[in-house]
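1. let's see this in three dimensions:
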Amino acid sequence: DYVFDGKKKSPYTEEDSNNPINEYVKSKLNGEIYLEKSDINYFIFRTSWVYDNKGNNFANKIVKQAKKIETISVIDDQFGVPNHVDFISSSTLACMKKYYKYSMIEKNRSHGIYNLSCGGQTTWFDFAKYILDGIEDKLKTSSDLKPMKSNHFKSNVERPMYSVLSNQKIIKQFDIQIPSWQYYADKYIESYDE
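-> Numbers count the residues shown, from 1 in each chain. The predicted model follows:
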């Protein structure tokens, strides 16, 4: 999602102009360009705000902080869509199963770039609140979440203010169901185990 500069106020489509705002994303975009210029058949699935129940990601960091810190400040003016790895993997599998049933003509028409993102949008603050409200009973402590503006957050990486991805192209091409981001956040909450 960070291949876009975040200046748009509606979900980005695959046809929108790229304008990455940091070096890391420029390298990712260069990979996309290299694939597009090659002779191979390819799929690029763009996604955003990836998390799961293990590992070093935003959801787990917030939960970890909630166990130790009384007040947590979270950015409330950057908009995007959280995507659980289970959604990404199951949706990718669903698309590939349909792809392998296509005729050769349908296959050739389907190659390219797709946004793969849950429905809806949120801020980092609201996502954190959703997660912590959901596991509140399981935590032994409680933290106070405070909204914070991006310009008060010290970071070496510039991030777009708006990085919501439209998922209409992938729905149309592969006829897959796209749940809201809350659906997988609820699954994260249900399976949360200290």
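
2. tell me the secondary structure at the most centrally placed residue in the chain.
-> Nearest to the geometric centre of the chain sits residue 48, at 2.2 Å (C-alpha atoms, centre = their mean). Here residue 48 is recorded as coil under DSSP: H, G, I helix; E, B strand; the rest coil.

3. so it makes contact with residue 120?
-> No - using C-beta atoms under 8 Å as the test, residue 48 is too far from residue 120 to be in contact (11.9 Å). In this view, the C-beta of every residue, glycine as well, is placed from N, C-alpha and C.

4. quick one: common contacting residues for these two?
-> residue 81 (C-beta atoms under 8 Å, 6 or more residues apart in numbering).

5. list the residues that contact the residue nearest to the centre of the chain.
-> By C-beta under 8 Å, 6+ apart, the neighbours of residue 48 are 1, 2, 80, 81, 82, 83, 117, 163, 164, 165.

6. what's the nearest residue to it if we skip its chain neighbours?
-> residue 1 (3.6 Å; C-beta to C-beta, 6 or more residues apart in numbering).

7. equivalent analysis for residue 153, please.
-> In space, and not counting its chain neighbours, residue 153 is closest to residue 75: 5.6 Å by C-beta to C-beta, 6+ apart.

8. and that neighbour, how far is that from residue 21?
-> Residue 75 is 16 Å from residue 21, where distance means C-beta to C-beta, to the nearest Å.

9. state the distance from the closest residue to residue 126 other than its chain neighbours to residue 171.
-> Once flanking residues are discounted, residue 126 sits nearest to residue 76: 7.3 Å by C-beta to C-beta, 6+ apart. Residue 76 sits 29 Å away from residue 171, going by C-beta to C-beta.

10. quick one, which of these two is more surrounded?
-> Shown here are residue 76 and residue 171; by other C-beta atoms under 10 Å, residue 76 has more neighbours (18 against 15).

11. if I read this right, that one contacts residue 124, doesn't it?
-> Yes - the pair residue 76 and residue 124 qualifies as a contact (C-beta under 8 Å) at a distance of 7.0 Å.

12. more neighbours: residue 75 and residue 21, which one.
-> residue 75 (19 against 16).

13. so what's that one bridging to?
-> Residue 75 has these beta-bridge partners by DSSP bridges: residue 148.

14. quick one, grab the pLDDT at it.
-> Note for residue 75: predicted pLDDT of 95.

15. all set, thanks.
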